[in-house]
Each structure stands twice: as C-alpha cells, then as structure tokens.
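>>> no sequence on this one, just coordinates:
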C-alpha cells in the first residue's frame with residue numbers, strides 16, 4: 001500500500017526536513033517506488049508537484065526539498081502500485097477546482113471500479129451537497145483556508 005505524510009500547522013512551517021525523510025522511503029529505504037506527489041497550500045493557492053519516478057531519485061523531489069516553502073497545510077504521497085500502471089495519471093495527490101476553491105486529495109488503498117451507475121449517484125450526491133451548502137461555504141472547514 002501507499003504511504004501518506006500530512007502536516008497541519010498553527011503557523012507557516014517549513015516541511016522540507018519531514019519531506020526529505022519521507023521521500024527516502026520512496027525507493028531508497030522502503031519499496032514505495034512507483035511515483036510520488038505533494039500538495040502545498042499557500043493562502044488560497046495550491047502548489048502541486050507530481051512525478052512517476054521514485055521519490056528517492058526524483059529531480060523534482062530534490063527541487064521540493066531545497067525550495068524554501070512554508071505552509072499551514074500540506075500532504076504528500078508515495079506510491080506502491082498494486083493497481084494501475086506506473087504513470088503520472090496514477091500519482092497522488094489529485095487536484096480539482098470546485099466552488100472557486102482548490103481542493104486536493106490523496107488516499108491509501110484501492111478504489112473499486114467506478115461504473116456509470118456509481119458516477120450518476122456520485123453526481124447526485126455532489127449536487128445535493130452543493131445545494132445544501134450554497135451560501136454557507138465560508139462556514140465549511142477547508143484545508144488551505
């Protein structure tokens with residue numbers, strides 16, 4: 001299974017030390033060598049770095065380790081592929097914009113096949129959620145706010 005690293009801080013914090021150790025687990029000190037990614041919130045902005053290479057040998061991971069970024073919230077993911085090819089499209093965290101807000105998500109484990117029937121139910125649930133929270137988005141606890 002994959003591994004996750006997350007930080008939620010009271011004040012903007014440099015995560016490079018924690019990320020450096022985590023990245024080594026991506027192919028050097030552990031078997032999670034099938035890609036990696038990180039999402040770093042800066043205010044309402046979101047920086048996302050993804051690479052299908054092992055984090056331990058990725059030039060992009062080296063850049064992230066050396067780049068001076070402080071954040072209140074970040075999440076990182078190193079992948080051990082049990083499903084799907086080792087490709088950029090299968091690396092987390094995923095990033096989407098909804099309601100004018102940048103959202104990011106990563107998970108550990110497998111997701112069952114997403115059928116058209118499930119898609120329809122998911123779309124209905126999302127519509128219901130957006131309708132019920134319309135005008136109240138400022139009250140929702142959001143990562144990166």
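Arrived safely. Note that this is a predicted model, so its numbers are computed, not measured.
>>> for residue 42, give me the pLDDT.
With respect to pLDDT, residue 42 scores 89.
>>> tell me the contacts of residue 106?
2, 4, 37, 39, 75, 77, 92-94 (C-beta atoms under 8 Å, 6 or more residues apart in numbering). (Glycine included, C-beta is placed from N, CA and C.)
>>> do you know how far it is from residue 36?
Separation of residue 106 from residue 36 (C-beta to C-beta, to the nearest Å) stands at 10 Å.
>>> which regions of this protein sit below the pLDDT cut-off?
Scanning the chain for pLDDT under 70 picks out 113-145.
>>> quick one: strands adjacent to the longest strand that the chain contains?
Within the chain, and with DSSP state E defining each element, the longest strand by residue count is strand 3-14. Sheet pairing for strand 3-14, assigned by DSSP bridges, gives strand 70-78 (antiparallel).
>>> one step back: and for residue 106 and residue 36, which residues touch both?
Shared contacts of residue 106 and residue 36, defined by C-beta under 8 Å, 6+ apart, are found at residue 77.
>>> follow-up on the earlier one: show the buried residues in the contacts of residue 106.
2, 37, 39, 75, 77, 92-94 (16 or more other C-beta atoms under 10 Å).
>>> skip ahead from the longest strand of the chain and say which helix or strand is next.
Reading on from strand 3-14 to the C-terminus, the next helix or strand found by DSSP states H and E is helix 16-24.
>>> now the angle from that following helix to strand 70-78?
Interaxial angle of helix 16-24 relative to strand 70-78 (axes from the mean of the first three to the mean of the last three C-alpha atoms, to 10 degrees): 10 degrees.
>>> tell me the first helix or strand C-terminal of helix 16-24.
strand 36-42.
>>> which other helices and strands contact that following strand?
With contacts defined as 3 or more C-beta pairs under 8 Å, 6 or more residues apart in numbering; DSSP states H and E, strand 36-42 has these neighbours: strand 45-51, strand 70-78, strand 101-105.
>>> residues contacting residue 75?
4-7, 38-39, 93, 104, 106.
>>> thanks a lot, catch you later.
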